[in-house]
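S.K.: Model the following, please.
(3 chains)
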Amino acid sequence: MPELPEVETTRRGIEPFAVGERVVKLTIRQRQLRWLIPDGVEKEITDGNGFMITSVKRRAKYLLLEGEEYGTIIIHLGMTGTLRVLNIDEPVEKHDHIDIELSNNKILRYRDPRRFGAFIWTTEEIESHPLFIKMGIEPVLYGHSATEVGEHLYAKSRKRKTAIKVFIMNQHIITGVGNIYACEALFSCGINPTIGCNIVSAKSYQKLAETIQKILTKAIKSGGTTLQDFRNSDGKPGYFQQQLQVYGQTDAACTICSTSIKKITQAQRSTWYCPQCQK
DNA sequence: CGTATCTCCTGCAAGC
DNA sequence: TGCTTGCAGGAGATAC
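M.R.: Numbering: from 1, shown residues only, chains lettered A, B, ... in the order given. Next up is the predicted model:
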């Protein structure tokens, strides 16, 4: 389940192989991802000399392959998606839905068993694209200080009543915080996930912002250590190397106070927390 | 605009 | 052993 660190790790893995190359062929074996990939996209992207990739960016959990003159390929990894750099003779396996063949004889291969991901071709400006127009603040790698992020969270929360955990998972508020990091960050700050986001203090938001930055940065770093194998295998996700304090730890003893970790459901999503440490 | 609910999909684990 | 059932989850779409 890629969260922001996994998407960033993927971006870094792909960038050196993709930038400056042209898309010479696009093979789509499964068009029904999150959104149906329209017929004709292959031709649009490979027409003429082929779309030349000038940069590989990330916004929220979306990867952006930007073109020389116009156009961007937007890719979301969903829950189970991977995008790897492979040689063109690499055998196709189950769930390998898309191959982006490059002029250097490498392919960017998109695999996604659950098909929650997306592949979109757009000629719109990214920042005004419907997917990004209301996108929230980037917590890391965009130069936002913890103070800025904390103030942003505080300001956005004043007139809302959503539970704090649901609030920080809202990508229109802050990007990149998925279920795992949301649970872990709230535990680390001693904040109960069920309390209203509007009653969390400015001071608590500062601490939360610092924690989110710290956790994501650490996860990106550990993702980076697996980059050397990137062409052949998927790197172990950042959270794999991180000790999970509450996520998935139903009935386990809290590492701080030994109280049983509790599992509840919020917005169709599981939340784990320590009822003693998080008041 | 804010909020809650529904939805897509497959792999895996647990239970019978 | 093999079946059924439930759960996991990102985030847009939808209804109010």
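
S.K.: who touches residue A:168 in this structure?
M.R.: A:153, A:174, A:177, A:182, A:185-186, A:197, A:208, A:212 (Cβ atoms under 8 Å, 6 or more residues apart in numbering). Backbone N, C-alpha and C define where each C-beta goes, glycine included.

S.K.: In terms of model confidence, name the weakest of the residues you listed.
M.R.: Across these, the smallest pLDDT goes to residue A:177, namely 90.

S.K.: Helix or strand for that residue, just tell me which one.
M.R.: Using DSSP states H and E, residue A:177 is not contained in any helix or strand.

S.K.: now it: how far from DNA strand B?
M.R.: From residue A:177 across to DNA strand B, the span is 16 Å (Cβ to the nearest atom of the strand, to the nearest Å).

S.K.: Please apply the same query to residue A:99.
M.R.: 19 Å.

S.K.: got it, and residue A:46?
M.R.: Note on residue A:46: its distance to DNA strand B, by Cβ to the nearest atom of the strand, is 27 Å.

S.K.: isn't that residue right next to residue A:27, touching?
M.R.: No: taking contacts as Cβ atoms under 8 Å, residue A:46 lies outside contact range of residue A:27: 10.3 Å.

S.K.: who has more neighbours, the two?
M.R.: More crowded of residue A:46 and residue A:27, by other Cβ atoms under 10 Å: residue A:46, with 17 against 14.

S.K.: Now for the more buried one: which residues touch it?
M.R.: Applying Cβ under 8 Å, 6+ apart to residue A:46 gives the contacts A:23-26.

S.K.: pLDDT score assigned to it?
M.R.: With respect to pLDDT, residue A:46 scores 92.

S.K.: do the one 5 residues further on as well
M.R.: Taken from the predicted model, the pLDDT recorded for residue A:51 is 91.

S.K.: the helices in chain A, which residues?
M.R.: With helices called from DSSP state H, chain A shows them at A:4-18, A:41-46, A:146-157, A:164-168, A:179-189, A:202-224.

S.K.: Which among those helices is found nearest to residue A:83?
M.R.: helix A:4-18 (5.5 Å; Cβ to Cβ).

S.K.: what packs against the closest one?
M.R.: With contacts defined as 3 or more Cβ pairs under 8 Å, 6 or more residues apart in numbering; DSSP states H and E, helix A:4-18 has these neighbours: strand A:53-59, strand A:62-67, strand A:82-87, strand A:106-111, helix A:202-224.
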